[in-house]
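Q: How does the following fold in three dimensions:
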Amino acid sequence: MSAIHRCGWCMKDDLYMHYHDHEWGLPLHDDQLLFEFLILETMQAGLSWHTVLKKRENFREAFAGFRPDVVARFTETDIIRCMADPGIIRNQQKIRAAVANAQAFLRVQESHGSFDAYIWDFVDGRPTINAFHELSDLPSKTDVSDRLSKDLKQRGFSFVGSTVVYAHMQATGMVNDHLVSCFRYHEVQQ
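A: So this is what the prediction gives:
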């Protein structure tokens, strides 16, 4: 029996491998999950994804199950509650950005029918299939993430620089950046 080959970035621990094997790069079309990843990517800005992933369940609790309609109505009391929560990243700017991003997310849903329809339009409704052989080949941003980042900012989103946006695109399967040697490379294309 041959060993399973995975992208090298996920080999840190079981949590990372499980995320890689079951979520990362799988095309996602559920607005609430797209919102969850957007908030988590926002929180990750300047930190490691592993740090955020370890706190994911705490974030889920602190941010009302990642329901954008609830987060959009967070008050100053909710922000103070989040700031006091040791289970999440307690960066006031990022917490406030999550609330503002929820409000912007709802506006996009209203204008486009869904956030899914809006965001996937940037890749013509289908994943970009890359064919990278080494982790060092993966870009940190692309022309598409640059355009999407700019558009999100114009719509009132924050902490959505091109690198954060590209990480969101990778996580939600808008691009397939699994290495060609990875067992998930072909699976996420099914």
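Q: Now the element after the helix ranked longest in the chain, going C-ward?
A: Secondary structure of the chain read by DSSP state H shows that its longest helix is helix 92-112. Sequence order places helix 115-120 as the next helix or strand after helix 92-112, per DSSP states H and E.
Q: Quick one: name whatever helix or strand follows that following helix.
A: strand 128-129.
Q: Roughly how far does residue 99 sit from residue 183?
A: Using C-beta to C-beta, to the nearest Å, residue 99 is found at 39 Å from residue 183. (Glycine included, C-beta is placed from N, CA and C.)
Q: Just want to know which of the two has more residues nearby.
A: Set side by side, residue 99 and residue 183 show more neighbours around residue 99, with 19 against 14, by other C-beta atoms under 10 Å.
Q: just to revisit the earlier point, could you pull out the buried residues of the longest helix of the chain?
A: Neighbour counts using 16 or more other C-beta atoms under 10 Å place 94-106, 108-109 of helix 92-112 among the buried residues.
Q: cool, stretch 61-77 as well?
A: In stretch 61-77, counting by 16+ other C-beta under 10 Å, buried: 62-64, 66, 68, 71-72, 74.
Q: and which of those is nearest residue 9?
A: residue 66 (23.9 Å; C-beta to C-beta).
Q: List the contacts of that closest one.
A: By C-beta atoms under 8 Å, 6 or more residues apart in numbering, residue 66 lies in contact with 32-33, 35-36, 39, 59-60.
Q: hang on, the earlier thing: what sits up against the longest helix of the chain?
A: The contact list for helix 92-112 (C-beta under 8 Å, 6+ apart) reads 31, 35, 38-39, 42-43, 45, 63, 68-69, 71-72, 74, 78-79, 82-83, 115, 118, 121, 152, 155-160.
Q: ok, of these, which come out buried?
A: 31, 35, 38-39, 42-43, 45, 63, 68, 71-72, 74, 78, 82, 115, 118, 152, 157-160.
Q: mind listing the strands for this structure?
A: 128-129, 175-176 (DSSP state E).
Q: of the buried residues of stretch 61-77, closest to residue 179?
A: Compare each of these with residue 179 using C-beta to C-beta and the shortest gap goes to residue 66, at 29.0 Å.
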